Structure formats: C-alpha cells, structure tokens
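J.: sequence and predicted model, in that order:
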Protein chains: 2
Amino acid sequence: MQRYFSNIKKDNFLILSDNDLYHIKTVMRMKENDLIEVVYNHLLHICMLDNNYHAIIKETIKETTEKNFKVILCVPLLQEQKMSFVLQKATELGVDEIVPILTSRSIVKIDGKEDKKIKRWNLICKEASEQSKRLEIPKISNIKKIKDLTFDGLKIVCSTKEQNTTIKKVLKNNLNYDTIVFVVGPEGGLTNEEEETLKELSFVPVTLGNNIMRVETVPIYLISVLNYEMME
Amino acid sequence: MQRYFSNIKKDNFLILSDNDLYHIKTVMRMKENDLIEVVYNHLLHICMLDNNYHAIIKETIKETTEKNFKVILCVPLLQEQKMSFVLQKATELGVDEIVPILTSRSIVKIDGKEDKKIKRWNLICKEASEQSKRLEIPKISNIKKIKDLTFDGLKIVCSTKEQNTTIKKVLKNNLNYDTIVFVVGPEGGLTNEEEETLKELSFVPVTLGNNIMRVETVPIYLISVLNYEMME
C-alpha cells in the first residue's frame, strides 16, 4: 500500500499536500474507496479515499519502530546528484537528522540558495521515507560550520589521518549511547585544523579501513555498520 | 596519481587500452614525463609517459591488500542505472566477484544482449577499481540461474521471510571462512521455491533488520557490514 505523510487532521480525515494528491490521482491513478497509508503524528493510519480525495481514517495502527537510538549525519555540501543520493539512502537506512556542513575543501557553493536547497532536500527525504515505510521524516538542519557541531552523544569523525582506531573499536565500546553523530569529510578530506576543532568538540577520529570510498558512499557505510552493530 | 590497469608488458613498458590512452591524452591532458600508476599482474607500477604515450616502468611497488577473504555477490538483473550503481559501489567496497542472477520476479530481460552487457559491466568495474586504487578488478561471471549457484564458503541469502536469524548472528559465528557469498533478491523478493533451492545449496537465510531497503542498497549494506565484521 502506498504511504504518505500528513501534518493536518480535520474531523475524521487527513489532509494531503498538493504534490501527494497529484501522485495519487495522476501517477497512481487511484479512485474513490482505494486505500492508502498515511502517517500523521508518528502514527500509521489506514485511510480510504472519498470522492473528493479526502483520506478518511479507517484504522490507526500502533507500529513501533524498533530503533532505540538516534543517528545524526553531518555531510559536506555535495553536488546535487550526490546529495540526493546520500539523503535518499540515509533515509532508507534510518537516519534521524542530516546536518549539511561547510568545509574548507568542499567545492560546492550554494550562496543565497540555502532555503531553496533545504526545501528540496526535505522533499527528497519525505519521498524516501514514504518508500521505505518510515514513521518519521529525517530532519534537515540549517547548514552549519564545523565549529558549531555541538551535540550530545557518541561523536565520530571519519578521518583520513587516523590509522589505529577503527570505527568498530569505537562503536563496540560505546553501545550505551542513545545518540550517535557522524561527521563525513569532503573529497580530499577534512583539514588538520578542522579535525582538531572536532576533537576539541569531543569527536573521536576513526578509520573505516583500507577501502578508498567515494564521499557519497561513506554515509551509507556508516549507517549500515551502526545498524549492524545495534542488531541482536 | 591516476591509476590504470594493463594486461600487456613489453620490454620495460606497459601497454594501455585505447580508452585509457584517450583518458590520459584528452581528459587528463597529460604530457611526456608525467607519472601514472599502472597495475599489471596484481602489482602496482609507477610509470612515466614517453613521447609516444608508452608507460615506462620506473618503480614496482609491493602493495599488499589487507583483505584476507573473498566476497562473491549474486545480484538479480537490474535496470541499467541500478546495475551500474551496484557494480560501482561493490567495487569500491572490495567485492571480488559479481554473479548476475535470473530470478522469477526480475522484470529486466536482456535476451541476446548478454555479451554486450557483461562487457559494459566489466568496464564499469575496471573504472571503479582505478578510482578506488584497487589492485584487482572484480570478475563478472556469466548470468546464472538460482539452481546453479554452487559455491564453497559461507553462503548467505537475504530473505524477506526470515525473522530471527540476523545477518550479524551468522557472520559473527562464521569468521573462519575465507569466502563469503551473498545472494540478494529482486524487488518483491525471492519466491519460496527459490529460497528453498538456495537452502538445499546450503545458503543460510538471514534478515537484515527492520529497514526497508531498495534492492540496489542491499549489496552496499552487505559488503559494508562484512568489511566491518572482519575489521579489528
């Protein structure tokens, strides 16, 4: 069943965005009485479309997400295609928050287009959340500087300099944290100064091993291995 | 330094393909005396270009890959863009062999175009190997049927039915194998019959947890967590 997200409830029905209505009518060619899933207020509702394409709530399902930890991913500004890829895959894998970061070696500049970009990135995450049947859409924060990456939780930075401390050692010895924050560097890596700033902010530099991964592959690797480590 | 692969050595130089020469001359705009890396016979050679664009061997470097296990990935036929994605990312993450498989629920058909496709897939793997500085190009086997997936090693199939046996349980308890084979199902999953056939061939069905991943994300997840589990 197709899943959508809604922010507005009115009487016994949930209101969908114009984009979603277009998808329902024109792409999916759904008709009156067809059923859809709508997530509202973190709860899954099975809804039936009426003749005005209102999503009438038929049933509310208490689905619980098994995940008892929060993942925050800080990624450098990337070319649009790579950024879409990271957002989509990270959402599939259960990321909770994405923080686009400014780094010295990022080539991508988005001066003045920040609001438009964030709106677009939110849409990508919403669609990926629908596809992967999530109950939450990952939050996209404003673009931040390295020095402003202050978080609570286990904080890990992927380092190109670190040789001995593997990500496995750090994750295995810190399974009690309920928030895990990852910082991924741009192509060419973070500068020494940036890594130092992050260390001062209590980030632990780790190596991911010997494979040379493209920047956009790293977030997928990180969330995959975190999910794996948290698994029974 | 840009890396290329060569199959032919002549006197003190290595011969590059026409595609690579095009890349060197036209894309990279390299000149006489520029240095490139050339992998020949699993060994890395630092070479200097002469005025005929011959790659004269200057130094041979004994780089050892740390990986002491072999990964074979069996993936259903996918749309070309998704297939390219899987080949590229799996190569980055260190896959050794890719086996395209025929499954009942694959929509993609490539009747009569098999040779052309495999040639293209080999090229994608070669380019990804150059980018990620590998010493080996993953092998692409002929397209196989499920019943022909006979391998030695630890054999794992990603199941949509299995609830209890997680991939983590299986990997953790079988770290002594030197070959690990993964089978990924198509969108909609493998049929019961296909899973039964694989069980008869000693494949262990596992669950990857609660995230609903797209088919093309699964191979990346698998090789990532395997690398992680094999890490110190």
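T.: That came through, no problem. Keep in mind the model is a prediction, meaning the values are calculated, not measured. Numbers count the residues shown, from 1 in each chain, chains lettered A, B, ... in the order given.
J.: and residue A:8, its phi and psi?
T.: Dihedral pair for residue A:8: phi -130, psi 130, per degrees, to the nearest 10.
J.: should've said residue A:145
T.: Dihedral pair for residue A:145: phi -90, psi 160, per degrees, to the nearest 10.
J.: count the neighbours of it for me.
T.: Neighbour count of residue A:145, defined by other C-beta atoms under 10 Å in any protein chain shown: 11. Placement of C-beta: from N, CA and C, glycine included.
J.: what's the domain layout of chain A?
T.: Domains of chain A are assigned by automatic domain parsing as A:3-61, A:70-230.
J.: how about the first one, does it reach chain B?
T.: No - when contact is scored as C-beta under 8 Å from any C-beta of the partner chain, no part of domain A:3-61 falls within range of chain B; the minimum is 10.1 Å.
J.: now do the end-to-end distance for that domain.
T.: Domain A:3-61 stretches 13 Å from its first residue to its last (C-alpha to C-alpha, to the nearest Å).
J.: which helices and strands sit right next to the lengthiest helix in chain A?
T.: In chain A, taking DSSP state H as the definition, the longest helix is helix A:114-131. Judged by 3 or more C-beta pairs under 8 Å, 6 or more residues apart in numbering or on different chains; DSSP states H and E, helix A:114-131 is in contact with strand A:3-6, helix A:80-92, strand A:97-102, strand A:139-140.
J.: partner strands of the last one and their direction?
T.: According to DSSP bridges, strand A:139-140 has the following sheet partners: strand A:97-102 (parallel).
J.: which other residues reach the strand it pairs with?
T.: Contact partners of strand A:97-102, identified using C-beta atoms under 8 Å, 6 or more residues apart in numbering or on different chains, comprise A:70-77, A:83, A:86-87, A:90, A:118, A:121, A:125, A:138-146, A:149, A:183.
J.: can I get the helices and strands packed on helix A:114-131 in a markdown table with mean pLDDT and mean neighbour count?
T.: Below are those laid out as a markdown table (pLDDT from 0 to 100; neighbours: other C-beta atoms under 10 Å in any protein chain shown):
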| stretch | mean pLDDT | mean neighbour count |
| --- | --- | --- |
| strand A:3-6 | 93 | 20 |
| helix A:80-92 | 96 | 20 |
| strand A:97-102 | 97 | 21 |
| strand A:139-140 | 96 | 16 |
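J.: for residue B:164, find the nearest of the ones you listed.
T.: Nearest to residue B:164, of all these, is helix A:80-92, at 22.9 Å by C-beta to C-beta.
J.: leaving aside the residues next to it on the chain, what's closest to the residue lying farthest from the centre of chain A?
T.: Most distant residue from the mean C-alpha position of chain A: residue A:51, 34.8 Å away (C-alpha atoms, centre = their mean). Leaving aside its sequence neighbours, residue A:51 sits nearest to residue A:32 (C-beta to C-beta, 6 or more residues apart in numbering or on different chains; 4.8 Å).
J.: work out for me the element that neighbour sits within.
T.: Residue A:32 belongs to no helix or strand when elements are defined using DSSP states H and E.
J.: neighbours of it, how many?
T.: Close neighbours of residue A:32, defined as other C-beta under 10 Å, add up to 10.
J.: any idea of the pLDDT on it?
T.: On pLDDT, residue A:32 comes in at 92.
J.: tell me the contacts of it?
T.: Residue A:32 makes contacts with A:49-51, as judged by C-beta under 8 Å, 6+ apart.
J.: near chain B, anything from stretch A:220-232?
T.: Yes - residues of stretch A:220-232 are located near chain B by C-beta under 8 Å from any C-beta, namely A:220-221, A:224-225, A:227-229, A:231-232.
J.: residue B:205 is nearest to which of the domains of chain A?
T.: Across the domains of chain A, closest to residue B:205 is domain A:70-230 (C-beta to C-beta), at 17.2 Å.
J.: helix, strand, or coil at residue A:195?
T.: Of the three states, residue A:195 takes helix under DSSP: H, G, I helix; E, B strand; the rest coil.
J.: so what does residue A:219 look like in phi/psi?
T.: Dihedral angles for residue A:219 - degrees, to the nearest 10 - are phi -60, psi -40.
J.: check residue A:152 too.
T.: Backbone torsions of residue A:152, given as degrees, to the nearest 10, read phi -90, psi 160.
J.: tell me who's in contact with it.
T.: By C-beta under 8 Å, 6+ apart, the residues touching residue A:152 are residue A:179.
J.: try it again with 6 Å
T.: If a contact means C-beta atoms under 6 Å, 6 or more residues apart in numbering or on different chains, then residue A:152 has no contacts.
J.: same question for the one 5 residues further on.
T.: Residue A:157 makes contacts with A:183, A:198, A:203, A:205, as judged by C-beta under 6 Å, 6+ apart.
J.: mind doing that once more with 10 Å?
T.: A:74, A:146, A:149, A:181-185, A:190, A:194-195, A:197-199, A:201, A:203-206 (C-beta atoms under 10 Å, 6 or more residues apart in numbering or on different chains).
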